[in-house]
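[1] quick one, what's the 3D model for this:
(2 chains)
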Amino acid sequence: MSDVAERVKKIVVEHLGVESDKVVDSANFIEDLGADSLDTVELVMAFEEEFGVEIPDDAAETIVTVGDAVKFLEKATAA
Amino acid sequence: MFDLTGKTALVTGASGGIGAAIARALHAQGATVALSGTRVDALEKLAGEIGSRTHVLACNLGDKDAVEKLVPAAEAAMGQLDILVNNAGLTRDGLFLRMKDDDWDQVIAVNLTATFRLSRAAVKNMMRRRWGRIVSITSIVGVTGNPGQGNYAASKAGMIGMSKSLAAEVAARGITVNCVAPGFIESPMTDALNEKQKEAILTQVPAGKLGQGADVAAAVVYLASAEAQYVTGQTVHVNGGMAMI
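    Numbering: from 1, shown residues only, chains lettered A, B, ... in the order given. A predicted model of the protein is given here:
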């Protein structure tokens, strides 16, 4: 698992209070992990803080699974 | 009860009568208070009178860029922002048929849009900390309407609807969002009225007297306190019984 993926999963576990084995790449924040829409906004804010990047609204809308977040942040931090 | 020791508050329009009373009351309960407004000399004077735990942050709420900077400035000055009091407001009265677009736009910009922007900025870090209080000073006319105040009443009613919506969004995060709606409060504006005008006003007020800034401030202190944690999306009317809603 990449460093980015580990940090993303740690944030998701902390924010949503879910078991870490449920936080897999295919897990949908809302459908699988029980997040509400405000939780997803908070997660995006937490990702921004952790990785020092800005996630614009249109990009945030495409982040619906854990894997989406990892992919986006790997790209954003590689630049 | 209602101890605000260690809490930080930003009060807009603090150079006005009600704003100053709110700032004094929050400070008296132990809060550190940032005073914002356009009249820096009046704010400095108030800060001097209140004493320690005060900061002066000049801001014209009609200026979008200045509004965006105010909450970050308050957070920088006080370390964080726990309590936001949207008190600043202005009137540009006129009969509906004759109301200029400018008078409409200016009132909506300062009273409603600035309240939206400041609340949006403040709630971000309140959510992170799972604690926050937003109290907006609306008006009895936002609920009852008032001839000659179509713009002002719209802005104040807008604040109430906006506060309820935000309250519902952030309630689970330990943040409450409420309004206080004053009726006739003694101020330089009411001082300018003659006896006959004052009498006419008082016939509408069962309490038989004008309210004081401190009456409004007491409601703000309550809503800002830890004790009011289960009260959100509400409007507290402070009007001597003028309208019972």
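[2] chain B against chain A: which residues are in contact?
    Residues of chain B lying near chain A by Cβ under 8 Å from any Cβ of the partner chain: B:124, B:127-128, B:169-170, B:172-173. (Each C-beta comes from the backbone N, C-alpha and C, glycine too.)
[3] now the helices for the chain?
    The chain I'm using is chain A. Using DSSP state H, the helices of chain A run over residues A:3-16, A:37-51, A:57-62, A:66-78.
[4] think we crossed wires, I meant chain B
    Per DSSP H, chain B has helices spanning B:17-28, B:40-50, B:64-78, B:101-107, B:114-129, B:141-144, B:150-170, B:188-191, B:195-202, B:213-224. These are given in chain order.
[5] could you say which of those helices is packed most deeply?
    Across these, the average number of neighbours (mean count of other Cβ atoms under 10 Å in any protein chain shown) peaks for helix B:17-28, which reaches a mean of 24.
[6] what's that one packed up against?
    Where contact means 3 or more Cβ pairs under 8 Å, 6 or more residues apart in numbering or on different chains; DSSP states H and E, helix B:17-28 is packed against strand B:8-11, strand B:32-37, helix B:40-50, strand B:83-86, helix B:213-224.
[7] show me the contacts for B:Glu68.
    Residues in contact with B:Glu68 (Cβ atoms under 8 Å, 6 or more residues apart in numbering or on different chains) are B:117, B:121.
[8] if I look at A:Ala46, how far off is B:Ile245?
    40 Å (Cβ to Cβ, to the nearest Å).
[9] same question, B:Cys179
    12 Å.
[10] of these two, who's got more company?
    Counted by other Cβ atoms under 10 Å in any protein chain shown, B:Cys179 and B:Ile245 do not tie: B:Cys179 has more neighbours, with 29 against 9.
[11] what sits against residue 69?
    No chain specified, so I'll use chain A. Going by Cβ under 8 Å, 6+ apart, the list of residues near A:Ala69 reads A:8, A:12, A:43, A:47, A:63.
[12] oops, wrong one, chain B.
    Taking Cβ under 8 Å, 6+ apart as the test, what B:Lys69 contacts is B:Cys59.
[13] please apply the same query to the one 5 residues further on.
    The contact partners of B:Ala74, by Cβ under 8 Å, 6+ apart, come to B:8, B:10, B:34, B:36, B:55, B:57, B:81.
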